[in-house]
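> The following block contains a protein sequence and its predicted model.
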Amino acid sequence: MGRTRKTVWRWRIIAFLLLAAMIAAAWGWWEAIRWQPSRTDYPTQGALIGASDGAVDFRELRGAGAEFVYLEASSGAGDRDPRFARNFAAVEDMSLPHGVVHAYDPCVSAERQAANFVTIVPRDAGLLPPAIALDRLASECGDPIVEAGLESELTTFINQVEGHTGQPVVLKVSARFEAAHGIGNRIERNLWLERDFLQPDYAGRPWTLWTATTYFRGGAGEEPLRWVVVQP
């Protein structure tokens, strides 16, 4: 009988601990999807939006605290975000400050990528500085010549984008790209870094934009959104 009681109590304790863990996990998830960095520390906050986010209600996004939006526009030599034109028109109608992002492909020539960018992104001095997303590694191209010439080709692309937009670009550098290529300290442009919940420090110098969370749910869309802050 004593053993039976001990077994029952043991299982009750285990059940209680499991329930407590589930409650803690649910609370942590709830906090994570609503979290934004402190407005005191980072007064200017916004979002990065692309086709992967599905349909986004930009009025709701503004209501969630977004003061600017970056829109994914083009990638490589020919890919274009299928929602770019729709999203661009929506933020224009909302008079929400906005900029564009091109995903750079080191395996494709700078000239072909620039041609893709300039045919989809209007020449508009009112846009925020354009961003170049750097994530794909040159080693993935399978050509040592491409890897050796990465910085030169990227610089050519930057010059062509800046010539089109009339503004210096922002380099949106992933941690793995920086680890492989160390671009952050070699090309003097403002940096856009990324790390959920904690400030990134992998580029060796201060960032200008930070993707602070990729889990934010503010009622603007069905998918979690990428929330971005500006260094004050």
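Ah, there it is.

> Over the helix or strand hosting residue 146, what's the mean pLDDT, rounded is fine.
In this structure, residue 146 sits in helix 144-148 according to DSSP states H and E. For helix 144-148, mean pLDDT is 92.

> just how off-centre is it within its chain?
27 Å (CA atoms, centre = their mean, to the nearest Å).

> could I get the helix or strand following that helix in PDB with only the CA atoms?
Toward the C-terminus, helix 144-148 is succeeded by helix 150-165 as the next helix or strand (DSSP H and E). The C-alpha coordinates for helix 150-165 follow below in PDB (Å, rounded to 0.1, in the frame of the first residue of the first chain):
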ATOM      1  CA  LEU A 150      33.100  38.600 -54.800                       C
ATOM      2  CA  GLU A 151      34.100  42.000 -53.400                       C
ATOM      3  CA  SER A 152      34.800  43.500 -56.800                       C
ATOM      4  CA  GLU A 153      31.500  42.300 -58.300                       C
ATOM      5  CA  LEU A 154      29.500  43.400 -55.200                       C
ATOM      6  CA  THR A 155      31.100  46.800 -55.400                       C
ATOM      7  CA  THR A 156      30.100  47.100 -59.100                       C
ATOM      8  CA  PHE A 157      26.500  46.200 -58.200                       C
ATOM      9  CA  ILE A 158      26.500  48.700 -55.300                       C
ATOM     10  CA  ASN A 159      27.700  51.500 -57.600                       C
ATOM     11  CA  GLN A 160      25.000  50.700 -60.200                       C
ATOM     12  CA  VAL A 161      22.200  50.600 -57.600                       C
ATOM     13  CA  GLU A 162      23.400  53.800 -56.100                       C
ATOM     14  CA  GLY A 163      23.600  55.400 -59.500                       C
ATOM     15  CA  HIS A 164      19.900  54.500 -60.100                       C
ATOM     16  CA  THR A 165      18.600  55.500 -56.700                       C
END
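
> Right, I'll call it a day here.
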